[in-house]
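Asker: what's the 3D shape of this:
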Amino acid sequence: MLQSMSASMGWAPPAILETSVEDPGQEATRTALAGGASAVLVAGGDGTVRAVSEAMAGTGVPLAIIPSGTGNLLARNLALPLDDPLGMIRAVFRGDVHPVDIGWAEITRPDTTTSEHAFVVLAGIGLDADMIANTRPDLKKSVGWVAYVDGAARSLAGAKPFRVVYAVDDAKLHSVKVHSMLFANCGTLPAGISLIPDASIADGGLDVAVIQPSGPFGWLAVWRTVWWQNSVLRRTQAGRRMIELAGQSRSIRYLSGKAAEAAAQEPAPIELDGDEFGAAVRIRCRIDPGALLVVLPAGHDVSAL
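Answerer: Model prediction:
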């Protein structure tokens, strides 16, 4: 279909470029762009989408996502069809193009070396990265995103808080013990779970979640906030009023700004869009507003983005 539609639109035959362990997508994308690609289609999981997006940021060339992974987080946050690859191929030729934000994470390693990488959904330091590291690849293949539940159970058993010093928009420094800190470009997970409810992929802002459960029921409080308050109550006006009256949870705190950073006393694991990125002593995240053009089906509702 891709070849026939390209021909009918007067485009050159599409170039098919494969990713690999050595090149998860950046170099293949740069090759496509250097060859004059009018659009880039990516078929893969969150890691591949992240890598391709990294190379496409700021190029002005639209990116079409054909969800083919376990979580398909960016596709979910864009409300794209998850089971209609032909529809997304058609959208490249007859759909809409919309600018969205992309995040950048500067990671400082224990040896003081630094590197910067893109993320399209969220970056994290701490337990969330441990959870991803403990998720079994064979289980992901057989049961999909539910495998992360197993990874979470493995991580929670030995989870210990660690101290970080963090700041949002270079404001006041805060020193706290956390289990995890998340830096979000958007915040919806599979099963309609709203991890960070105010995160928007098109608002030019960065949303931060400081996760610090306290006491024996701390994780229950985190789950109640993420599932019950964020994913259920926020859908109605009465529910939102209930959340206002209850106040912010002590176990998970939400902040927002343009940039944020966290420095750990000891090296802590890092993840970007569900991929392990090793251990770091510091992470600084920022948002690049509207730097990524994404292909959407014709008439796609963008009001909720």
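Asker: pull the contacting residues for Arg76.
Answerer: Counting by Cβ atoms under 8 Å, 6 or more residues apart in numbering, Arg76 makes contact with Leu82, Thr188, Leu189, Pro190. Placement of C-beta: from N, CA and C, glycine included.
Asker: 10 Å instead, please
Answerer: Shown in contact with Arg76 (Cβ atoms under 10 Å, 6 or more residues apart in numbering): Asp46, Pro67, Leu82, Val121, Trp145, Cys186, Thr188, Leu189, Pro190, Ala191, Gly192.
Asker: neighbour-wise, which of the residues you listed leads?
Answerer: Val121 (27 neighbours; other Cβ atoms under 10 Å).
Asker: of the contacts of Arg76, closest to Ala202?
Answerer: Nearest to Ala202 out of these is Cys186 (Cβ to Cβ; 8.8 Å).
Asker: I'd like to know how far the residue nearest the centre of the chain sits from Arg76.
Answerer: The centre of the chain sits closest to Val121, judged by Cα atoms, centre = their mean, with a distance of 1.7 Å. Distance, Val121 to Arg76, using Cβ to Cβ, to the nearest Å: 9 Å.
Asker: who touches both of those two?
Answerer: The contact lists of Val121 and Arg76 share Asp46, Cys186, Thr188, Leu189, where a contact means Cβ under 10 Å, 6+ apart.
Asker: want to throw the residues you listed into TSV with secondary structure?
Answerer: Below are these laid out as TSV (DSSP: H, G, I helix; E, B strand; the rest coil):
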residue	secondary structure
Asp46	helix
Cys186	coil
Thr188	strand
Leu189	coil
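Asker: one step back: okay but the residue nearest to the centre of the chain is in contact with Ile201, surely?
Answerer: Yes - counting by Cβ atoms under 10 Å, Val121 does reach Ile201; the two are 8.5 Å apart.
Asker: what do those two both touch?
Answerer: Leu74, Asn77, Gly103, Ala184, Asn185, Cys186, Gly187, Thr188.
Asker: give me the low-pLDDT residue ranges for the stretch 51-200 of the chain?
Answerer: Filtered on pLDDT under 70, the stretch 51-200 of the chain yields the residue ranges 132-158.
Asker: just the strands in it please.
Answerer: For the stretch 51-200 of the chain, the strands defined by DSSP state E, counting those that start in this stretch occupy 63-67, 96-108, 114-119, 122-126, 162-168, 174-178, 180-184.
Asker: which of the shared contacts of Val121 and Ile201 sit farthest apart?
Answerer: Once Cβ to Cβ is applied, the shared contacts of Val121 and Ile201 give Gly103 and Thr188 as the farthest pair, at 15.1 Å.
Asker: so what's the residue nearest to the centre of the chain closest to, chain neighbours aside?
Answerer: Among residues not flanking Val121 along the chain, Leu73 sits closest, at 4.4 Å (Cβ to Cβ, 6 or more residues apart in numbering).
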